[in-house]
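In: Based on what follows, work out the 3D shape:
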Amino acid sequence: MPDQIQRASESARAKVAKGFERGGDMEFIRFLGHSNGSTGEGKSHFDVALDQLYVSEQQLRQRYDQADEVSRRVGGFSGYLQQSKVGGRKFKRPN
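Out: Numbering: from 1, shown residues only. Model (predicted):
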């Protein structure tokens with residue numbers, strides 16, 4: 001179980017980096033969404049860990065709070081990029 005949680009965490013982080021390196025805002029926004037999906041996956045693994053008594057309710061709540069904070073920040077950044085008039089190298093706004 002800890003390995004799955006670790007992989008989900010690493011995946012969330014890597015997707016932000018991967019989206020940034022794509023060079024276009026729309027791709028970046030898409031990968032930020034994937035990152036939030038990986039954060040949700042990590043939360044799901046923590047639910048299983050609680051069911052299996054690997055973590056306490058307090059540990060679960062602490063990790064959920066951290067994951068929710070990450071999701072809020074990534075979501076806020078994604079919203080900012082969607083509203084921004086500044087575009088990345090490959091970004092083309094529709095006419």
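In: could you show me where the helices are in this structure, in order?
Out: 2-21, 25-51, 57-83 (DSSP state H).
In: in this structure, what spans have low per-residue confidence?
Out: Low-confidence segments of the chain, defined by pLDDT under 70, are located at 1, 86-95.
In: which of the helices of the chain is buried the deepest?
Out: Comparing the helices of the chain on average neighbours per residue, with mean count of other C-beta atoms under 10 Å, the densest one is helix 25-51 at a mean of 18. In this view, the C-beta of every residue, glycine as well, is placed from N, C-alpha and C.
In: so that helix versus helix 57-83, what angle?
Out: Taking axes from the mean of the first three to the mean of the last three C-alpha atoms, to 10 degrees, helix 25-51 and helix 57-83 form an angle of 170 degrees between their directions.
In: by how many degrees do helix 25-51 and helix 2-21 diverge?
Out: What separates the directions of helix 25-51 and helix 2-21 is an angle of 170 degrees, with the same axes, to 10 degrees.
In: for helix 25-51, packing partners?
Out: Helix 25-51 is packed against helix 2-21, helix 57-83, with contacts defined by 3 or more C-beta pairs under 8 Å, 6 or more residues apart in numbering; DSSP states H and E.
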